[in-house]
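S.K.: I would like to see how this sequence folds:
(2 chains)
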There are 2 protein chains.
Amino acid sequence: MRRGEWTGPTKHTVPGYVKCNLVVLPRADAYDFLVYCQRNPKPCPLVEVTDPGDPEPKMSAPGADLRTDLPRYAVYRNGAREEDVTDIRRLWRDDSVAFLIGSGMTFDDPLERAGVPKVKTWVLTTNIPTIPAGKFHGPVVVTMRCWTPAQAIIACQLTSRFPFYHGAPIHMGDPASIGADLTHPIVGEPLEKIPDGLMPVFWACGVTPQRAALEAKIELMITHTPGHAFITDLLADRICTP
Amino acid sequence: MRRGEWTGPTKHTVPGYVKCNLVVLPRADAYDFLVYCQRNPKPCPLVEVTDPGDPEPKMSAPGADLRTDLPRYAVYRNGAREEDVTDIRRLWRDDSVAFLIGSGMTFDDPLERAGVPKVKTWVLTTNIPTIPAGKFHGPVVVTMRCWTPAQAIIACQLTSRFPFYHGAPIHMGDPASIGADLTHPIVGEPLEKIPDGLMPVFWACGVTPQRAALEAKIELMITHTPGHAFITDLLADRICTP
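M.R.: Have a look, this model is predicted:
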């Protein structure tokens, strides 16, 4: 990724390592965003916050450079998205703070090892509000996966151990009861209904804070391009409940 | 407490509700302290961060007033402790931010219900460093409780579910291997050795961030007096792994 040789998505790549969503904000907006993450730990589980101006995530990937080591970045100015880039060195500032937010992509692999197969993932908006902090607010965005009820139970058990990548589900069953509209997903093909015999399971999603930061119309915000996460050196099986 | 009728310690009082350590700092120091808590979630599990100037913990105890609703407060100016007070209304400022940090006092009650008896608690310094953030740094402070090995196992299982009040233990067995000196506890009677047949179990302690803030010589810092916690409206059994 640093050499620009991998610019594609990271889902189902490098199994076993914690993957993170990235949000880069100016220091002036970082306090409110940090409080927003504290108030909404399920969509915004913070794996690391870097020191202002320092692009190295010293705790989760010593030696890495967050300006070059993601496959692809989304750049937003005052809430408007610019063209994606694969290197943000020219955009990085002395007051840039990077937030690494654990990604649900991480648990696909341990679930598979526990007998719960990898399945399609939808991303959906809900009518559940997050708790605001300063200028940051908005609805909880969720991922949805569908399994048999027995597999769904194992998924609850297993993800409960991993609060650093969204923890236990926030909902199971009827999508409408959390305001999720299957015919208008953010990611995934539109669905008329859940297939018979399958149980949909919903986790809070790292798109939630991105969307809140976007609506706050931050002067300059940089994130990973959806699906193109940062891969840490942390072993997914080891970063469990504090 | 608001009426000044209870100014004593809160250990083993109001069982079933989450108890919190309090740290009040000026907004200027709050960002670094928040990052410090994020980097050290075991000693500093944040239950709530209030908006600057607002003394109401809206999420954990709506209607409460953190300036009057603790039994007793410790006041530090530039790192020097002044006389304790039972009301901080005259010290509260427009830029005061309150941090509520889950207290290990909370788990004595669920442990007892699980068959692990309430025992003496020691507070000890270790040689384990916290991860610094800005001006905040220092060693991890721990609490120590001693049980039979079978009880210690149940304590590990049970507290693992509750990262908001320090989560799983950070050590079991030999105190010397984490630099804990039984002959010089911060709280508790000095001990020569662990009694035969008992297993000491060590949790990260909320005194850790107090001590870090103290050494940072903050202009004005207010905390609960040790042992005199804030009692939230949150049910201890329900605030488990996110």
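S.K.: residue A:79 touches residue A:215, doesn't it?
M.R.: Yes - using CB atoms under 8 Å, residue A:79 is in contact with residue A:215, at 6.9 Å. Any C-beta I mention is one placed from the backbone N, CA and C, and that applies to glycine too.
S.K.: how far away is the residue most central in space within chain A from residue A:135?
M.R.: In chain A, the centroid-proximal residue (CA atoms, centre = their mean) is residue A:206; its distance is 2.7 Å. Relative to residue A:135, residue A:206 is positioned 19 Å away (CB to CB, to the nearest Å).
S.K.: also residue A:145?
M.R.: From residue A:145 across to residue A:135, the span is 32 Å (CB to CB).
S.K.: so where do the helices sit in chain A?
M.R.: Along chain A, counting by DSSP state H, helices occupy A:27-39, A:108-113, A:149-160, A:207-215.
S.K.: what is the shortest one packed up against?
M.R.: Under the contact criterion of 3 or more CB pairs under 8 Å, 6 or more residues apart in numbering or on different chains; DSSP states H and E, the helices and strands touching helix A:108-113 comprise helix A:149-160.
S.K.: check contacts around the residue nearest to the centre of chain A.
M.R.: Counting by CB atoms under 8 Å, 6 or more residues apart in numbering or on different chains, residue A:206 touches A:21, A:43-44, A:101-104, A:166.
S.K.: tell me, what's the model's pLDDT at it?
M.R.: Note on residue A:206: pLDDT of 89.
S.K.: equivalent analysis for residue A:90, please.
M.R.: The model's pLDDT for residue A:90 equals 97.
S.K.: spell out which parts of chain A neighbour chain B.
M.R.: Contact residues, chain A versus chain B (CB under 8 Å from any CB of the partner chain): A:30-31, A:34-35, A:38-39, A:41-42, A:45-46, A:48-49, A:51, A:59, A:131, A:133, A:160-161, A:163, A:167-168, A:241-242.
S.K.: buried subset of these as a PyMOL selection?
M.R.: Provided next is the PyMOL selection string for whichever of these are buried by 16 or more other CB atoms under 10 Å in any protein chain shown:
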select buried, chain A and resi 30+31+34+35+38+39+41+42+45+46+48+49+51+59+133+160+161+163+167+168+241+242
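S.K.: turn the contacts of residue A:206 into JSON lines, including pLDDT, neighbour count and distance to residue A:227.
M.R.: As requested, these are arranged in JSON lines below (pLDDT from 0 to 100; neighbours: other CB atoms under 10 Å in any protein chain shown; distance: CB to CB, whole Å):
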{"residue": "A:21", "pLDDT": "93", "neighbour count": "28", "distance to residue A:227": "10"}
{"residue": "A:43", "pLDDT": "94", "neighbour count": "29", "distance to residue A:227": "17"}
{"residue": "A:44", "pLDDT": "93", "neighbour count": "26", "distance to residue A:227": "18"}
{"residue": "A:101", "pLDDT": "94", "neighbour count": "27", "distance to residue A:227": "14"}
{"residue": "A:102", "pLDDT": "92", "neighbour count": "29", "distance to residue A:227": "15"}
{"residue": "A:103", "pLDDT": "89", "neighbour count": "29", "distance to residue A:227": "10"}
{"residue": "A:104", "pLDDT": "83", "neighbour count": "25", "distance to residue A:227": "12"}
{"residue": "A:166", "pLDDT": "87", "neighbour count": "28", "distance to residue A:227": "16"}
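S.K.: so which of those residues is the closest to chain B?
M.R.: Nearest to chain B among the contacts of residue A:206 is residue A:166, at 8.0 Å by CB to the nearest CB.
S.K.: the closest one and residue A:205 touch, don't they?
M.R.: Yes - at 7.2 Å, residue A:166 counts as touching residue A:205 under the criterion of CB under 8 Å.
S.K.: identify the contacts common to the two.
M.R.: Shared contacts of residue A:166 and residue A:205, counting by CB under 8 Å, 6+ apart, come down to A:43, A:104.
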